[in-house]
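Engineer: The sequence isn't on hand, but the structure is:
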């Protein structure tokens, strides 16, 4: 138990160093993580790992501390690795579910918090209703999220689109990783320079611009891209 406690303290100290935090903030963080771990039936050092991922990706110590409860709740409910849950949180943030995307300030923070919880709930619901499990979404969302963003799909719409398409892909794949890889390869092919050039030369369509414009209208850019000709 002493070894485990020492390891936890080392992880909290590493987080504090990364965040350039004061000793007082470090102590507060350690206490907060222990409380969250107890509340959601997680080990404190595991929660600290998730918080560390958020801080390493640019979250402030306070932001990461505030997210610890949601991450732990999600990880416990879906049996997801805490580190993967934190990376999923970062993927959601990169997709525009963050305070700055909602105008900043306290209002922006509250909206981001509400929509971040909604994003985790959307992913969880899709995992329960389909065959592509939520813990595998946590593994693949960081990679696929950036590809969706390049098509102009952001926020909770991107979460729903990704979650549903992974379920569709799973129906014709042998396992979840194969399904995610198939969808990744499809997106890569759809947006490749060869595909874009072929659409331009043979159909006079600026494929990427069309998909992004349709996304701004609230349409599904992938469907519009496939049906562009």
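Structural biologist: Cool, got the structure. A quick note: this is a predicted structure, and the numbers were derived from the prediction, not measured. Numbers count the residues shown, from 1 in each chain.

Engineer: Now do residue 3, the pLDDT please.
Structural biologist: You'll see residue 3 listed with a pLDDT of 66.

Engineer: ok, now how distant is the residue at the greatest distance from the centre of the chain from residue 211?
Structural biologist: Within the chain, the residue lying farthest from the chain centre (CA atoms, centre = their mean) is residue 202, at 36.7 Å. According to CB to CB, to the nearest Å, residue 202 stands 17 Å off from residue 211. Using the backbone N, CA and C atoms, a C-beta is placed for each residue, glycine as well.

Engineer: Residue 159 too?
Structural biologist: For residue 159 relative to residue 211 (CB to CB), the value is 18 Å.

Engineer: and those two? which has more neighbours close in?
Structural biologist: residue 159 (29 against 26; other CB atoms under 10 Å).

Engineer: quick one, what contacts the more buried one?
Structural biologist: Contacts of residue 159 were listed using CB atoms under 8 Å, 6 or more residues apart in numbering, and they are 92, 95, 97, 119, 122-123.

Engineer: Burial check on the residue lying closest to residue 77 once chain neighbours are set aside, number of neighbours?
Structural biologist: Once flanking residues are discounted, residue 77 sits nearest to residue 124: 6.7 Å by CB to CB, 6 or more residues apart in numbering. When neighbours are defined as other CB under 10 Å, residue 124 has 17 of them.

Engineer: how about the helix or strand containing residue 124: buried residues?
Structural biologist: For residue 124, the host element (DSSP states H and E) is helix 105-129. Neighbour counts over helix 105-129 (16 or more other CB atoms under 10 Å) mark 109, 111-113, 115-116, 118-120, 122-124, 126-127 as buried.

Engineer: So which residues make contact with it?
Structural biologist: 66-67, 70, 74, 77-78, 88-89, 92-93, 97-103, 132-135, 137-138, 141, 155-156, 159-160, 163-164, 166-167.

Engineer: Swap in 6 Å and give it another go.
Structural biologist: 74, 78, 92, 97-99, 102, 133-134, 137, 156, 159-160, 163 (CB atoms under 6 Å, 6 or more residues apart in numbering).

Engineer: Now intersect these with the helices, please.
Structural biologist: Judged by DSSP state H, helices contain the following of these: 74, 78, 92, 134, 137, 156, 159-160, 163.
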